[in-house]
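Trainee: Below are the sequence and a predicted model for it; my questions follow.
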Amino acid sequence: MSKRSQSEAAGLRRLRLPISFYFSVVVVFCALAAVPSLRSQPHKQSAKSIERSASSVFSPELQSHLVALESTKKLGDPKEIAASSSSVLGLGLRDMGRLALARGDVSTAVDLYKRARDFEDSAGAQLDLANVFVRERRLDKSLSLVTDVLVADPQNAEAWYAQGKIWILKSKYDESVKSLGRAVELQSDPAAWYLMGAAFLQLKQREPARDAFAKLTGLQGDLRKALADAYASAGYLEDAVREMPSAGASRAYQAVSSEIVIRDAAMFQSQFENQNLTIPKSSRILKATAELRFILASALNDLGTAEARQERYELALAHFHEAANWSAEMPGLARNIGIAAGRATNYAECIRALRPVLAKDPKDNVARAMLGTALFSTEAYAEAAQVFTPLGNSALQVPELTYSWASSLVHANRFPEAAALLSQLEQQRLSAQTLMLIVPLWSQMGNYEHTVELCQRALQVDPKQLRAHYLAGLALLRLNRSEEASHELQRELELDADNVDAQYHLGFSLLQLSQNQRAVELWGKVLLSRPDHPEANYELGKELLIEGKAAEAVGYLEASVRLRPQFEPAHYQLQSAYRAVGRKEDAAREADVYRALKEKSRNITLPLPHAADSGHGPTK
């Protein structure tokens with residue numbers, strides 16, 4: 001490669017745009033496409049159909065919130081949709097937890113209730129979890145959860161009731177009476193009156209106990225047995241016999257634990273005992289679970305869509321992935337995962353999700369644009385070009401997308417197609433920024449005249465456009481027009497005095513004009529701000545060696561070799577410098593390295609012209 005080819009290459013390889021910029025093209029393309037970017041999923045069942053199919057397995061609250069979510073989605077406010085979806089998720093996960101308990105899967109129920117609290121900041125999910133811990137005899141943990149609810153809301157009657165139950169199980173009956181008393185003050189409830197009476201009996205306060213039991217009227221069957229259990233648990237056996245129906249009188253003389261009393265409380269028609277959910281028979285749990293899984297997946301999809309519309313793509317992607325865990329086959333979910341992953345710059349996941357989506361629906365241009373851009377960003381250029389091609393002229397509406405397509409074609413060595421595409425794009429009125437985006441592509445294809453023309457066109461639009469003079473200067477170096485290149489690079493430095501690349505290449509152009517001393521000064525300036533600049537170290541070291549200053553040259557050439565150990569000319573010049581200062585062993589070593597690299601390069605097939613732009617500096 002010639003000096004000028006190498007020189008331009010060093011500048012071009014530093015011209016890289018952030019990947020997030022590439023993905024912005026799809027955001028623009030979505031606005032132009034007929035198909036929406038992200039899709040919400042209509043719920044398969046209405047609240048009424050759920051109630052009919054599952055025999056009221058799902059809580060009334062969940063059913064009403066499903067209806068509310070569908071109404072909210074029609075209004076289209078992403079914040080409202082997110083809030084409504086979260087409510088559905090909180091309630092749905094609680095119902096799923098109850099189904100898990102019905103199957104005897106306590107560990108799963110605990111996980112579901114914990115997750116419910118992430119979506120629904122309500123006392124209900126907290127109390128559900130507390131009740132599971134009661135069931136597992138983790139009373140201190142349960143008490144802590146209930147106490148947190150009461151600190152936040154001292155008017156929560158259900159929490160006072162739950163606390164009263166825990167105190168009974170911990171045999172702290174005086175505390176139980178206080179908690180249950182607060183519960184019935186806020187909301188009269190038969191289960192609470194029953195437990196309060198049982199707690200008074202344990203305290204040997206029979207009159208207050210009778211007053212509490214007096215609130216319970218029309219007790220028959222199992223409810224009479226519950227009353228007998230309360231007396232028996234406190235040691236009042238005669239009262240237990242009196243309350244016990246004759247068929248079960250002998251039970252009063254058996255030991256009755258506080259756990260039995262707590263279990264009996266659940267038989268009353270209580271608003272505190274989760275009677276809103278009817279657990280189905282085992283034969284229907286599977287069906288109910290499947291229906292709930294779809295509801296949860298749909299709500300998570302809605303939530304993810306709402307988050308994405310607020311540009312919270314990482315969070316949206318997490319919700320879409322969780323939706324897939326509940327129902328991976330939900331229509332549109334894979335597409336949403338792919339688009340959210342793309343906007344979150346998770347390229348691998350974007351590609352994984354969108355390949356099958358596009359295979360199923362080749363006309364989905366939003367998915368196609370996103371997939372192509374993801375492939376381009378991961379340097380899968382051949383596949384990216386293939387994916388972009390069906391977009392045709394529609395891609396021209398988004399210059400950045402056209403750039404990604406054309407760049408993929410260039411990297412795939414399909415120069416004629418890339419040139420034709422760019423020529424179409426350039427017929428439009430383009431901003432200076434867009435023109436500067438496509439300039440390097442023409443240079444990579446070896447069309448340096450057109451590269452200069454586009455830089456000049458960009459400067460006509462914006463005379464202060466950065467890098468336009470710089471890239472024009474690189475192209476002019478390729479055209480052996482060093483004086484013009486020098487002029488362009490000086491103009492760049494007038495706009496951006498700290499542009500190290502422009503300083504370096506200006507030095508290189510001055511060297512071609514035999515202005516060696518000015519070139520040396522510029523390279524020295526480059527190394528003051530960027531000591532690790534391999535090309536400047538090489539050029540300065542080589543020039544010092546030519547001037548007979550071998551001792552000074554050694555340090556720069558050693559730096560160049562250290563920074564780019566595979567660069568043959570640096571080893572060659574360094575061995576010459578070592579030999580000049582009498583370091584024969586070091587010179588022999590560098591000569592061996594040079595010969596080994598040279599031999600290796602003879603066995604490598606030369607790249608096509610555009611690939612040569614990855615070079616690292618001039619030859620020796």
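Mentor: Noted; the coordinates are in hand.
Trainee: Helices of the stretch 151-300 of the chain, residue ranges please.
Mentor: Counting by DSSP state H, counting those that start in this stretch, the segments of the stretch 151-300 of the chain that form helices are 157-169, 173-186, 190-202, 206-213, 222-233, 237-243, 258-265, 282-309.
Trainee: who does the one helix or strand Lys141 maps to touch, helix- and strand-wise?
Mentor: Following DSSP states H and E, one finds Lys141 within helix 139-152. When contacts are defined as 3 or more C-beta pairs under 8 Å, 6 or more residues apart in numbering; DSSP states H and E, helix 139-152 packs onto helix 123-135, helix 157-169. For glycine as for every other residue, the C-beta is placed from the backbone atoms N, C-alpha and C.
Trainee: Name the nearest residue to the residue most central in space within the chain, sequence neighbours excluded.
Mentor: Closest to where the C-alpha atoms of the chain average out (C-alpha atoms, centre = their mean) is Glu314, at 2.5 Å. Counting by C-beta to C-beta, 6 or more residues apart in numbering, Ala344 is the residue found nearest to Glu314 once chain neighbours are left out, at 4.9 Å.
Trainee: What about that neighbour, how many residues nearby?
Mentor: Here the number of neighbours of Ala344 (other C-beta atoms under 10 Å) works out to 20.
Trainee: So it versus Pro534, what's the distance?
Mentor: According to C-beta to C-beta, to the nearest Å, Ala344 and Pro534 sit 35 Å apart.
Trainee: do Asp239 as well
Mentor: From Asp239 to Pro534 the distance is 96 Å (C-beta to C-beta).
Trainee: can you check Ala519 too?
Mentor: Distance, Ala519 to Pro534, by C-beta to C-beta: 17 Å.
Trainee: Which residue of those two possesses the greater neighbour count?
Mentor: Ranked by neighbour count (other C-beta under 10 Å), Ala519 and Pro534 place Ala519 first, with 22 against 19.
Trainee: Secondary structure element holding that one?
Mentor: Using DSSP H and E, Ala519 falls in helix 516-529.
Trainee: next one: Leu437
Mentor: helix 432-444.
Trainee: For Phe388, pull up the helix or strand it's in.
Mentor: Counting by DSSP H and E, Phe388 is found in helix 381-388.
Trainee: Which elements pack onto that helix?
Mentor: Judged by 3+ C-beta pairs under 8 Å, 6+ apart, the packing partners of helix 381-388 are helix 365-377, helix 399-411.
Trainee: list the helices and strands the first one packs on?
Mentor: Helix 365-377 sits against helix 19-32, helix 333-343, helix 347-360, helix 381-388, helix 399-411, with contacts defined as 3+ C-beta pairs under 8 Å, 6+ apart.
Trainee: Arg135: which of the ones you listed is closest?
Mentor: With C-beta to C-beta, the closest approach to Arg135 among these belongs to helix 333-343: 34.8 Å.
Trainee: Just give the number of residues close to Gly68.
Mentor: Heads up, residue 68 is Ala, not Gly. 15.
Trainee: any idea how far Leu62 is from the nearest residue to it once chain neighbours are set aside?
Mentor: The shortest distance from Ala68 to any non-neighbouring residue, by C-beta to C-beta, 6+ apart, is to Ser84 (5.8 Å). Distance, Ser84 to Leu62, using C-beta to C-beta: 12 Å.
Trainee: Roughly how far does the closest residue to Ala419 other than its chain neighbours sit from Glu494?
Mentor: Excluding the flanking residues, the one nearest Ala419 by C-beta to C-beta, 6+ apart is Met445, at 6.5 Å. Applying C-beta to C-beta, the value for Met445 to Glu494 is 29 Å.
Trainee: Looking at those two, which one has more neighbours?
Mentor: Between Met445 and Glu494, counted using other C-beta under 10 Å, the more crowded position is Met445 (22 against 11).
Trainee: coming back round to it: just say which of the helices and strands packed on helix 381-388 is most tucked in.
Mentor: Compared across the helices and strands packed on helix 381-388, helix 365-377 shows the largest average neighbour count, a mean of 26 (mean count of other C-beta atoms under 10 Å).
Trainee: Taking helix 399-411 as reference, get the angle to it.
Mentor: Interaxial angle, helix 365-377 versus helix 399-411 (axes from the mean of the first three to the mean of the last three C-alpha atoms, to 10 degrees): 50 degrees.
Trainee: Please tell me how far Leu150 sits from Asp302.
Mentor: 33 Å.
Trainee: again with Ile546
Mentor: To Asp302, Ile546 is 71 Å away according to C-beta to C-beta.
Trainee: And Gly446, by the same measure?
Mentor: Per C-beta to C-beta, Gly446 is found 52 Å from Asp302.
Trainee: now swap in Ser257 and tell me
Mentor: Ser257 is 46 Å from Asp302, by C-beta to C-beta.
Trainee: cool, Val520 as well?
Mentor: In terms of C-beta to C-beta, Val520 sits 66 Å off from Asp302.
Trainee: Can you tell me what sits against the helix holding Ala519?
Mentor: Applying C-beta atoms under 8 Å, 6 or more residues apart in numbering, the contact partners of helix 516-529 are 498, 500, 503-504, 506-508, 510-511, 533, 536-537, 539-540, 543-544, 547, 556.
Trainee: change it to 10 Å
Mentor: Applying C-beta atoms under 10 Å, 6 or more residues apart in numbering, the contact partners of helix 516-529 are 486, 489, 493, 498, 500-513, 515, 533, 535-541, 543-544, 546-547, 556, 559.
Trainee: Can you list the buried residues in that helix?
Mentor: 519-520, 522-523, 526-527 (16 or more other C-beta atoms under 10 Å).
Trainee: Tell me the helix or strand right after that helix.
Mentor: Using DSSP H and E, the first helix or strand after helix 516-529 is helix 534-546.
Trainee: tell me what that following helix is packed against?
Mentor: Under the contact criterion of 3 or more C-beta pairs under 10 Å, 6 or more residues apart in numbering; DSSP states H and E, helix 534-546 touches helix 3-12, helix 500-512, helix 516-529, helix 550-563, helix 568-580.
Trainee: now those helices as CSV including distance to Ala380 and mean pLDDT?
Mentor: Compiled in CSV, these are given as follows (distance: least, C-beta to C-beta, whole Å; pLDDT from 0 to 100):
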stretch, distance to Ala380, mean pLDDT
helix 3-12, 21, 41
helix 500-512, 28, 95
helix 516-529, 35, 95
helix 550-563, 30, 96
helix 568-580, 31, 96
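Trainee: doesn't Cys350 make contact with Phe320?
Mentor: No. Checked against C-beta atoms under 10 Å, the pair Phe320 and Cys350 is beyond contact range at 11.7 Å.
Trainee: Mind listing the shared neighbours of these two?
Mentor: Here Phe320 and Cys350 have 337-341 as joint contacts, going by C-beta under 10 Å, 6+ apart.
Trainee: Gln573: which of these is nearest?
Mentor: Distances from Gln573 to the shared contacts of Phe320 and Cys350, taken by C-beta to C-beta, are shortest for Ala341, at 48.2 Å.
Trainee: Model confidence at the closest one, what's the number?
Mentor: Per-residue confidence (pLDDT) for Ala341: 95.
Trainee: Might one say that Gly372 is in contact with Gln386?
Mentor: Yes. Using C-beta under 10 Å, Gly372 makes contact with Gln386 at a distance of 8.6 Å.
Trainee: burial measure for Ala107, as a count.
Mentor: In this structure residue 107 is Ser, not Ala. 10.
Trainee: How about the contacts made by it?
Mentor: By C-beta under 10 Å, 6+ apart, the neighbours of Ser107 are 100, 132, 136.
Trainee: and it, how far is that from Leu101?
Mentor: Taking C-beta to C-beta, one finds Ser107 at 11 Å from Leu101.
Trainee: Give me the common contacts of those two.
Mentor: By C-beta under 10 Å, 6+ apart, the residues touching both Ser107 and Leu101 are Val132.
Trainee: picking that back up, of all the helices and strands packed on helix 139-152, which lies closest to Trp405?
Mentor: helix 123-135 (49.0 Å).
Trainee: Appreciated, that's everything.
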